[in-house]
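In: no sequence on this one, just coordinates:
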């Protein structure tokens, strides 16, 4: 089942088409990567789907329902920003539960289990400025996932980490995404990252999807 489906979506800034007539879908439990250089349209695509930019043409469907006219908070999406955007005055646990409208015992149990899985249990009372970059990324990921979003968006989620830390955090993130089964759309400029994380890769250039395929297909027949 397609949780997310874009059909002929276009976004213009003046005469420039930042996103030009793109169509793709994301199934439940799958990770799809938007791969391309800076300025190719990855972030704009994520902003269009999440509702932070308005679509000029085309449709965006969540489980078959058009959400083009819905506001961001009505779309039930999870967002992991490139800079993590943690609240400095809240500790780790408070940051994660912030997005829950009505915390219930089931989600609180999930948060404690996820903290343990992501090696963050000892830091649940710590504040963001005391954490490493990798720890901040994992906290931001759990905050985005805590409300059980229909779709999770990751925008260059590992770009701020050094090479050694990036590999470990990437493995932890992939494991958690697969276990929860959330439909995930990730923007990245790193081909290795896309190959490691994604079930499907959409190669973007100049606002267009120029290739859509499995990682092996993209690698061997670019």
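Out: Looks like it came in fine. Predicted model, so just to flag it, every value in this text is computed and none were measured.

In: hang on, residue 159 packs against residue 83?
Out: No - with contacts defined as C-beta atoms under 8 Å, residue 159 does not count as touching residue 83, sitting 9.7 Å away. C-beta coordinates here come from the backbone N, C-alpha and C atoms, glycine included.

In: settle it for me: which of these two has more neighbours?
Out: Using other C-beta atoms under 10 Å as the criterion, residue 159 and residue 83 rank with residue 159 on top: 14 against 11.

In: distance-wise, check that one relative to residue 90.
Out: When C-beta to C-beta, to the nearest Å is the yardstick, residue 159 and residue 90 sit 24 Å from each other.

In: please tell me how far the closest residue to residue 72 other than its chain neighbours sits from residue 204.
Out: Once flanking residues are discounted, residue 72 sits nearest to residue 51: 3.8 Å by C-beta to C-beta, 6 or more residues apart in numbering. Taking C-beta to C-beta as the measure, residue 51 falls 20 Å from residue 204.

In: neighbour count: those two, which is higher?
Out: More neighbours sit around residue 204 than around the other of residue 51 and residue 204, counting by other C-beta under 10 Å; the figures are 24 against 19.

In: tell me the secondary structure at that one.
Out: Put simply, residue 204 is strand when judged by DSSP: H, G, I helix; E, B strand; the rest coil.

In: now do the SS call for residue 82.
Out: coil.

In: the nearest residue to it once chain neighbours are set aside: how many residues sit nearby?
Out: Counting by C-beta to C-beta, 6+ apart, residue 82 lies nearest to residue 156, which is 4.5 Å off, once chain neighbours are set aside. A total of 19 residues lie near residue 156 under the criterion other C-beta under 10 Å.
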